[in-house]
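Chemist: sequence first, then the predicted structure:
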Amino acid sequence: MHWAIVFLVVNMSLSVHVTWADDASVLPSGVFRVPADARFSLPITKRFTPSGRTEDLAADFNRDLNSTTFSDLRLVEAAFHLAAGSATFGRSVVDFERHIQIYTLQAAYGLTNRLSFGVRIPYVTQDNRVQAALDNRTATVGINPAVPGGVAPLSVPGTRLPTTEDIQALLQHLGFTRVQDWSDASFGDICGKHSISACWSKPLFERVLKLGGTEARQGQEDSGLSCC
């Protein structure tokens with residue numbers, strides 16, 4: 001119990017430091033320090049679900065391309081007397097591979113020999129590599145320029161199987177962007193920090209050590225802490 005009290009007093013009484021990767025030393029007065037580092041992620045292809053399991057990063061993009069996805073296919077079903085939900089272009093097959101890079105600049109300046117101030121500026125970039133294709137083996141409708149809307153059942157003469165590019169063009173026609181590689185870069189939260197050098201007085205140092213059952217001797221250092 002005594003050592004728990006000592007540990008608490010030490011943590012409350014020592015220097016206050018807020019640091020990121022670099023050490024918490026206080027800079028001498030008038031000294032600048034500008035360290036920088038870079039961190040790179042391994043390829044990210046999975047994500048966590050609300051239940052704590054993992055799934056493909058592109059799970060939301062892999063689905064049957066039927067009237068649930070493209071509601072206009074209901075018009076095709078009605079026009080050609082197809083069963084509800086039977087019109088489909090097939091299934092999308094999409095894979096994502098994300099790469100994240102974090103570059104951090106940390107600048108610090110010693111205002112006095114016991115007080116330093118600094119700033120941390122992170123810059124984050126990410127690249128998402130996309131592979132998108134259409135598996136049209138289960139398709140029941142396709143492209144036919146001769147019919148209104150350009151989509152008809154595959155049984156209609158002149159109708160061809162849909163392709164990946166057809167689906168990409170349909171997405172753009174509906175106001176969506178193509179499913180393709182993308183990248184982004186932005187600054188993260190810019191944080192300030194300070195470092196303060198605190199000095200123990202000899203009476204306080206001796207009282208804390210005695211509380212833990214240790215006698216302090218004149219001029220002795222213990223655990224890296226010295227009397228002033």
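Modeler: Now that the structure is in, tell me what you want to look at.
Chemist: which residues in the protein form helices?
Modeler: Remark: helices assigned in the chain by DSSP state H are 2-13, 73-79, 164-173, 202-211.
Chemist: which stretch in those is the model least sure about?
Modeler: The weakest mean pLDDT among the helices of the chain belongs to helix 2-13, with a mean of 43.
Chemist: just give me the residue closest to the centre of this structure.
Modeler: Centroid-nearest residue in the chain: residue 100, 7.4 Å away (criterion: C-alpha atoms, centre = their mean).
Chemist: excluding its backbone neighbours, what's nearest that residue?
Modeler: residue 41 (4.2 Å; C-beta to C-beta, 6 or more residues apart in numbering). Where you see a C-beta, it was placed from the backbone N, CA and C, and this is true even at glycine.
Chemist: wait, the one you found touches residue 97, no?
Modeler: No - with contact defined as C-beta atoms under 8 Å, residue 41 and residue 97 do not form a contacting pair (10.8 Å).
Chemist: so those two - more neighbours on which side?
Modeler: Each of residue 41 and residue 97 has its neighbours counted (other C-beta atoms under 10 Å); residue 97 has more, 15 against 11.
Chemist: which residues are in contact with the nearest residue to the more buried one once chain neighbours are set aside?
Modeler: Excluding its sequence neighbours, the residue lying closest to residue 97 (C-beta to C-beta, 6+ apart) is residue 129, at 4.5 Å. Each residue near residue 129 by C-beta atoms under 8 Å, 6 or more residues apart in numbering is listed here: 96, 97, 98, 99, 181.
Chemist: any of those buried? List them.
Modeler: Among the contacts of residue 129, the ones that count as buried by 16 or more other C-beta atoms under 10 Å are 96, 98.
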